[in-house]
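S.K.: Just the structure for this:
(one chain, ligands or ions: 2)
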Amino acid sequence: MAARKIIFVNPPYERIAAGYQFVRHITNRSPSLGLLYLAAAVRERGYRTAIIESDIEDLDTDRVADRIIREKPDYVGITLFTVGVWQAARIARIVKKSCPRIRIIVGGPHISSMSTETLERFPQFDIAVIHEGERVLPELLACLDRDETPEQVKGILWRRNGALIKTPPAPSINDLDNLPMPAWDLLRDFPGRYLPAIFDYPRGPVATLAASRGCPFVCKFCDTSTFGAKVRANSPQMVFNMMKFLNEGFGIRHIQFVDDLFLASRIRTMALCDLIIESGLDMTWNCTARVDTVKPDVLKRMKQAGCWEISFGLETGSDELLRQMDKAARVATSEQAVRWTHQAGIRCKGLFMLGYPGESSQTIEKTKAFVRRLPMTTMNLSKFTPYPGSPIYRELYGTNIRKDHWEKMNGMNFIWAPEGLTIKELDFEYQNILKCFYKQRRVMHKYIVLAIQDPAHLKRLFRFLLGFLQAKIRSYLAGHRGALVGPNQPGVSEM
Ligand code: B12
Ligand code: SF4
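M.R.: Ligands and ions are numbered 1, 2, ... in the order given. Okay, the predicted model is just below:
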């Protein structure tokens, strides 16, 4: 029997407004690390496999579906963030209509908390894999290959005669070092196309890595349902091996660590830094850390080992709001961590959130003052979104499932407003907070230095500006008087 085939899909979820496609030149183009791990795990068992990164390959739902129908795999595995569910459902519907025998399997952060609701709503998804997939998926496929029902496979939700059956949870993966390395070789044009957002890295090419999984904290806005509370980690040697493999095999010069808690263990961090320093590996990297895990001595070693930037979830300038989010840290701790990082010569990126329950004009003013006085190099401000799987989702909506909002859950839309503020006011303050930070001369200066150090940034900026100009000209020629419009993307109503 010829080897069975599975195509993995990261569906399109970019919500770039019609007519603004040129924005793609400066946005994040990171692949799904989850799909890279899954593809490696099934390939090891003899399956033929491919990965479609829809947004990065510039494919809309119809073109993704066409490609799947052309390649006629036995299985399709789709990774789902909440924001991508509707587009994924559209792909699955088209594929099923043309090739009903193809099994559609879904997994990912959205499925870890919303498996039942999602399979109830979308009959075109056949089976859901809940939580980590590297061990469950090969077992599930082996069972389906034999035409057996998968009731013995742990960690899935499947359909039997129209009813949904959930099997007991699969054990979490503790021996991360034994997983095969992510299958970067399956990505089309890796690493060239897979850049983070402009100015978010010192020099390309760039790849993402996770050195650990899990987080024991329960910040109320955060969805930790995929990996749970138990922290599991790769050994420092394995992380180092993966960095070296990427450097020697693909010429990668910068790594973005995507762990929730990169600094969960000081011992592991120091050991990894020692390995990098001793080997002389010429790579830079960035990671995310909690403000209460950094200390000057660790920062110093991290800097020596190539750490370029640390992102901190600072969220707000108000202690009261931090308390309401169940964040352990307070504004003073955040400030200390940012100053230590700055003093160590590491760039600092502040991750903020606007519109959390309890936000008010007073807390917004505190955040503005906070972003002005911190020595950060860059900041991200997301619009508060109650993601399914986060404690605040249950608090705000109870057991109501707000499927109507899924499409907007990308941190760039306010779908909820705290008492005393309207969404219009929040949108206005969103711009103001960003201006408070980005209009500072020292911030602009850092961006100019970065552009000079790596002109690739300037090239991206140039393409963006050129695209903008072309879009404007097209608009005038079409009689739209400069307004940027284009064909609409399929929406919820078209499902
Ligand atoms: C890196 C990252 C990104 C990257 C890359 C995203 C990507 N494509 O993977 C970028 C920066 C692009 C990104 C963007 C966003 N992100 Co993000 N991101 C992460 C982060 C920090 C790590 C993801 C990761 O690589 N994990 C490691 C890999 C190995 O795990 P994994 O992808 O989950 O895959 C495993 C399982 O889920 C499962 N699985 C996954 N897919 C499938 C498919 C099948 C068929 C099967 C069987 C199993 C399976 O098996 C995999 C292996 O074990 C997570 C936090 C986290 N802890 O996961 C947030 C997280 C996934 N992001 C989140 C969000 C909300 C977003 C945004 C929507 C908004 C935002 N806050 O920025 C945007 C949307 C992007 C867009 N295009 O519009 C939320 C998702 C919540 C939700 N319910 O949707 C998370 C969980 C953060 C959080 N704690 O709230 N993100
Ligand atoms: S925000 Fe960070 S520390 Fe808080 S629960 Fe999420 S991953 Fe853990």
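S.K.: ok, and for the longest helix along the chain, which residues are buried?
M.R.: In the chain, assigned by DSSP state H, the helix with the most residues is helix 455-477. By 16 or more other C-beta atoms under 10 Å, the buried positions in helix 455-477 come out as His457, Arg460, Leu461, Phe464, Gly467, Ala471, Ser475. The C-beta positions use only the backbone N, C-alpha and C, and glycine is treated the same way.
S.K.: Show me which of those is closest to ligand 1.
M.R.: Using C-beta to the nearest ligand atom, Arg460 comes nearest to ligand 1 of the buried residues of helix 455-477, at 16.3 Å.
S.K.: want to throw the buried residues of helix 455-477 into CSV with distance to ligand 2?
M.R.: Formatted as CSV, those follow (distance: C-beta to the nearest ligand atom, whole Å):
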residue, distance to ligand 2
His457, 28
Arg460, 29
Leu461, 31
Phe464, 31
Gly467, 34
Ala471, 37
Ser475, 41
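S.K.: can I get the residues you listed in JSON lines with distance to Ile448 and pLDDT?
M.R.: Compiled in JSON lines, these are given as follows (distance: C-beta to C-beta, whole Å; pLDDT from 0 to 100):
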{"residue": "His457", "distance to Ile448": "10", "pLDDT": "91"}
{"residue": "Arg460", "distance to Ile448": "15", "pLDDT": "91"}
{"residue": "Leu461", "distance to Ile448": "11", "pLDDT": "89"}
{"residue": "Phe464", "distance to Ile448": "16", "pLDDT": "90"}
{"residue": "Gly467", "distance to Ile448": "22", "pLDDT": "89"}
{"residue": "Ala471", "distance to Ile448": "26", "pLDDT": "85"}
{"residue": "Ser475", "distance to Ile448": "30", "pLDDT": "84"}
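S.K.: In the stretch 151-300 of the chain, what residue spans correspond to helices?
M.R.: 236-250, 266-279, 296-304 (DSSP state H, counting those that start in this stretch).
S.K.: any low-confidence regions in this protein?
M.R.: Within the chain, the stretches with pLDDT under 70 are 1, 14-19, 399-404, 485-495.
S.K.: residues in the stretch 351-495 of the chain within reach of ligand 1, list them.
M.R.: Ser382, Tyr387, Pro388, Gly389, Asn410, Gly411 (C-beta under 6 Å from any ligand atom).
S.K.: Identify the residues contacting the fifth one.
M.R.: What that stands for is Asn410. By C-beta atoms under 8 Å, 6 or more residues apart in numbering, the contact set of Asn410 is Tyr13, Arg15, Phe81, Val83, Thr385.
S.K.: how far away is the closest residue to Ser475 other than its chain neighbours from Leu466?
M.R.: Take Ser475 and drop its neighbours on the chain: the residue closest to it by C-beta to C-beta, 6 or more residues apart in numbering is Gly482, 5.3 Å away. The gap separating Gly482 from Leu466 is 16 Å, by C-beta to C-beta, to the nearest Å.
S.K.: number of nearby residues for the residue of the stretch 51-200 of the chain at minimum distance from ligand 2?
M.R.: Going by C-beta to the nearest ligand atom, ligand 2 is nearest to Pro109 of the stretch 51-200 of the chain, at 11.9 Å. If you count neighbours by other C-beta atoms under 10 Å, Pro109 ends up with 22.
S.K.: Could you do Ser115 as well?
M.R.: Residues within reach of Ser115, counting by other C-beta under 10 Å, total 23.
S.K.: from memory it sits against Leu157, does it?
M.R.: Yes. Using C-beta atoms under 8 Å, Ser115 is in contact with Leu157, at 4.6 Å.
S.K.: okay, and the common contacts of the two?
M.R.: Residues touching both Ser115 and Leu157 by C-beta under 8 Å, 6+ apart: Ala128, Ile130, Lys166.
S.K.: need the contact list for the second one.
M.R.: Put plainly, it is Ile130. Counted by C-beta under 8 Å, 6+ apart, Ile130 has contacts Gly107, Ile111, Ser112, Ser115, Gly155, Ile156, Leu157, Lys166, Pro169, Ala170.
S.K.: So which bits of the stretch 201-350 of the chain are right by ligand 2?
M.R.: Within the stretch 201-350 of the chain, the residues that sit near ligand 2 (C-beta under 6 Å from any ligand atom) are Cys215, Phe217, Val218, Cys219, Cys222, Thr224, Asp260, Arg290, Gly313.
S.K.: And Ser318, how far from Glu425?
M.R.: For Ser318 relative to Glu425 (C-beta to C-beta), the value is 17 Å.
S.K.: neighbour count winner among those two?
M.R.: Neighbours were counted for Ser318 and for Glu425 using other C-beta under 10 Å; Ser318 has more, 22 against 15.
S.K.: list the contacts for the more buried one?
M.R.: So Ser318 contacts Val331, Gln362, Thr363, Lys366, Thr367 (C-beta under 8 Å, 6+ apart).
S.K.: ok, now how distant is it from Val294?
M.R.: Ser318 sits 22 Å away from Val294, going by C-beta to C-beta.
S.K.: Close to ligand 1: what parts of the stretch 201-350 of the chain are there?
M.R.: Within the stretch 201-350 of the chain, the positions lying close to ligand 1 (C-beta under 6 Å from any ligand atom) are Ala210, Cys222, Asp223, Thr224, Thr226, Phe227, Val258, Asp260.
S.K.: Which one of the contacts of Ile130 is nearest to Pro357?
M.R.: Ser112 (23.4 Å; C-beta to C-beta).
S.K.: which stretch of helix or strand covers the closest one?
M.R.: Counting by DSSP states H and E, the element that carries Ser112 is helix 109-121.
S.K.: What's the first helix or strand after that helix?
M.R.: Next along from helix 109-121, by DSSP H and E: strand 127-129.
S.K.: From the contact counts, what lies against that next one?
M.R.: Applying 3 or more C-beta pairs under 8 Å, 6 or more residues apart in numbering; DSSP states H and E, we find strand 127-129 packed against strand 103-107, helix 109-121, helix 136-145, strand 156-160.
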